[in-house]
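Peer 1: below are the sequence and a predicted model; questions follow.
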Amino acid sequence: MINDSDKYALVALHTRSLADLSPTEVVPTVWASSKSFVQLSTHWTEWLGCIRAEHLARCNICLMAKIPSASPGVIDNETNELESRVWRAYVGLLLASPFATDGAPLLMSGACQDGEIGVRRVRDLDKLLHLPLDPWHQVDTLSLERGIGVGESWAAYLQAGPPDGSWRFNRVLALYVRTRSLPEMVDRIHQYARCLEGLTVPPNRGGTGKSFASRVALFVGSTHAATFENLYKLRGEIEHLHENRYLEVFDRAARIELWKGACILEYVSRTCIARILDTQALWPHFRVTSTVESFWALPEPQRQALWGPPVDPLLGLVGFDESRIGDQELGKP
């Protein structure tokens, strides 16, 4: 699979999975599989350590980028680019599926020399947590392929970027990725709302919450404006440490509503980020603060034509079954 003189970088993880995929080159140089691509010698498993080696051996989702190299033993720009490429595929998978991981995913790079696969760099990524309303979510083959496609769109987006970069959008994307590993539900609500705030830059006139909901309506349709105004208010309560109003006294119904809000915000954030990456016409508008503000200054029909059909935020609640959620999972002492 990894040939002599190949350099590689991979992300290996264990999750609930329906994928049954033999090693497949989904796009040129980027591969996916439902088992590990590498078999390491005893020397390298000892070098990795027993926990990482075991995690690599038992992974059921593996993403890999590889190329033949004239200098397989050297850590250089080829190594960096392979790591970046497989990282983009991994982030694309996050944007394609709300899965969790059993332990920390592994990002590893190295090369094959004289028939032996070696390791040059390795690090643990953040362990991902399930959405609370869908703790049984499973990755499937379609999500794997879709994720790699989104990763390729991200590469094209970066390649087409202007000299001054895309700070605001990159910040939103990084914030989304980091939030997938936060344990506290109120923190997830806060950060996912910030992702949408980063894409809308709501002006503070007539109430920031109303402005936020008005702009998010382009993404989700006007019928959900009240929902997003309430979620923005909740985001402010959390930011200012007023979540005690929702959490100090256990109320099952109130906790369920918090979880629903987190799932809606996660789904809309994830879907909007992926749409921007997949839609070349949107790239010039979602880069830095000034370009986002210019987008919202366009006439509404032009914005609607650029954005396309609205996202259904209620799809974020697919998989919800309240009867399968106990009070302790909701935080009852």
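Peer 2: It's in.

Peer 1: now for the chain, the helix or strand with the poorest mean pLDDT.
Peer 2: Ranked by mean pLDDT, DSSP states H and E, the weakest helix or strand in the chain is helix 42-48, scoring a mean of 85.

Peer 1: so G165 is in which element?
Peer 2: Per DSSP states H and E: G165 is located in neither a helix nor a strand.

Peer 1: could you check how far it is from Y157?
Peer 2: 11 Å (Cβ to Cβ, to the nearest Å). Placement of C-beta: from N, CA and C, glycine included.

Peer 1: compare the two (neighbour count), which wins?
Peer 2: Y157 (23 against 12; other Cβ atoms under 10 Å).

Peer 1: for that one, give me phi and psi.
Peer 2: phi -60, psi -50 (degrees, to the nearest 10).

Peer 1: is T101 in a helix, a strand, or coil?
Peer 2: At T101 the chain is in coil, as set by DSSP: H, G, I helix; E, B strand; the rest coil.

Peer 1: quick check: domain ranges of this structure?
Peer 2: 6-124, 164-324 (automatic domain parsing).

Peer 1: ok now the shortest one, how far from the chain's centre?
Peer 2: This points to domain 6-124. How far domain 6-124 lies from its chain's middle: 18 Å, per Cα atoms, centre = their mean, to the nearest Å.

Peer 1: what strand or helix carries the residue nearest in space to the middle of the chain?
Peer 2: Centroid-nearest residue in the chain: L94, 3.3 Å away (criterion: Cα atoms, centre = their mean). Here L94, judged by DSSP H and E, is contained in helix 77-96.

Peer 1: same check, this time on E145
Peer 2: Judged by DSSP H and E, E145 forms part of helix 141-159.

Peer 1: and stretch 204-223, what's buried?
Peer 2: T208, G209, S211, F212, A213, S214, R215, V216, A217, L218, F219, V220 (16 or more other Cβ atoms under 10 Å).

Peer 1: from the residues you listed, which has minimum pLDDT?
Peer 2: Across the set of the buried residues of stretch 204-223, T208 stands lowest in pLDDT, at 85.

Peer 1: wait, isn't that one in contact with Y232?
Peer 2: Yes. Between T208 and Y232 there is a contact at 7.2 Å, judged by Cβ atoms under 8 Å.

Peer 1: tell me what the longest helix along the chain is packed against?
Peer 2: Longest helix in the chain by number of residues (criterion: DSSP state H): helix 252-278. If you count contacts as 3 or more Cβ pairs under 8 Å, 6 or more residues apart in numbering; DSSP states H and E, helix 252-278 packs onto helix 77-96, helix 141-159, helix 167-179, helix 185-200, helix 208-220, helix 225-239, helix 244-247.

Peer 1: distance to D134 added to these, as a markdown table?
Peer 2: Shown next, in a markdown table, are those (distance: least, Cβ to Cβ, whole Å):
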| stretch | distance to D134 |
| --- | --- |
| helix 77-96 | 15 |
| helix 141-159 | 13 |
| helix 167-179 | 16 |
| helix 185-200 | 13 |
| helix 208-220 | 19 |
| helix 225-239 | 18 |
| helix 244-247 | 21 |
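
Peer 1: any regions of the stretch 201-333 of the chain where pLDDT drops low?
Peer 2: 205-207 (pLDDT under 70).

Peer 1: at 90 what do you get?
Peer 2: In the predicted model of the stretch 201-333 of the chain, residues 203-209, 241, 243, 245-246, 318-333 satisfy pLDDT under 90.

Peer 1: please apply the same query to the stretch 51-200 of the chain.
Peer 2: Across the stretch 51-200 of the chain (using pLDDT under 90), the flagged ranges come out as 51, 53-55, 57, 70, 73, 115, 130-137, 163-164.
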